[in-house]
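>>> Generate a structure from the sequence data that follows.
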Amino acid sequence: MSACAVVTCPNYHRKTKGKGVIYHMFLVCPNRNKIWISKCKRQDHINVKYARICSDNFRPSDYMDDMKNRLLGLNQKKILKPDAVLSVNLPLQDNGEDISSRSERKSKRSILQEAKIRLKCLSPKKNM
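You can find the predicted model right below:
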């Protein structure tokens, strides 16, 4: 049974079945996994091979257009963009402050770090 890895998220498969909530696997990129794991705020170890994040923790803009199914008139799938980072319904920081209300400088720094990781994950590997 799948349960969301975000510590404060109450979703699990049996509860959300038929309600349009889907569960995403952690990505292959280890740097991206570090970002996702840190956003989950769990005290215990997360086994990225089996852990899942529910779609309630992503914005609609984090998903790609499923053009193939749209053109064929089929149900569209929720496909995460390669650079998607969970950003909705996240736990509070240790001091009770909402993550979205951090100081501007710290926010800019984390955005810059995430952008560097995204570029590193998306850049093609050089063949030797």
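>>> what's the nearest residue to the most centrally placed residue in the chain if we skip its chain neighbours?
By Cα atoms, centre = their mean, the chain has its centre lying nearest to L86, at 3.4 Å. Distance criterion Cβ to Cβ, 6 or more residues apart in numbering; nearest residue to L86, sequence neighbours excluded, is N57 at 4.2 Å. To be clear about C-beta, it is placed using only N, CA and C from the backbone, and glycine gets the same treatment.
>>> Stretch 14-25: end-to-end distance?
Counting by Cα to Cα, to the nearest Å, you get 17 Å between the two ends of stretch 14-25.
>>> and it, what's its mean pLDDT?
Summarised as a single mean, pLDDT over stretch 14-25 is 90.
>>> buried sites along that stretch?
T16, V21, I22, Y23, H24 (16 or more other Cβ atoms under 10 Å).
>>> didn't the residue nearest to the centre of the chain look like it was pressed against W36?
Yes - applying Cβ atoms under 8 Å, one finds L86 in contact with W36, separated by 6.3 Å.
>>> Find residues that contact each of the two.
The overlap between the contact sets of L86 and W36 (Cβ atoms under 8 Å, 6 or more residues apart in numbering) consists of I53.
>>> mind checking how far K19 is from I79?
Look at K19 and I79: by Cβ to Cβ, to the nearest Å, they are 19 Å apart.
>>> any idea how far N57 is from K39?
Plainly put, N57 is 8 Å away from K39 if you go by Cβ to Cβ.
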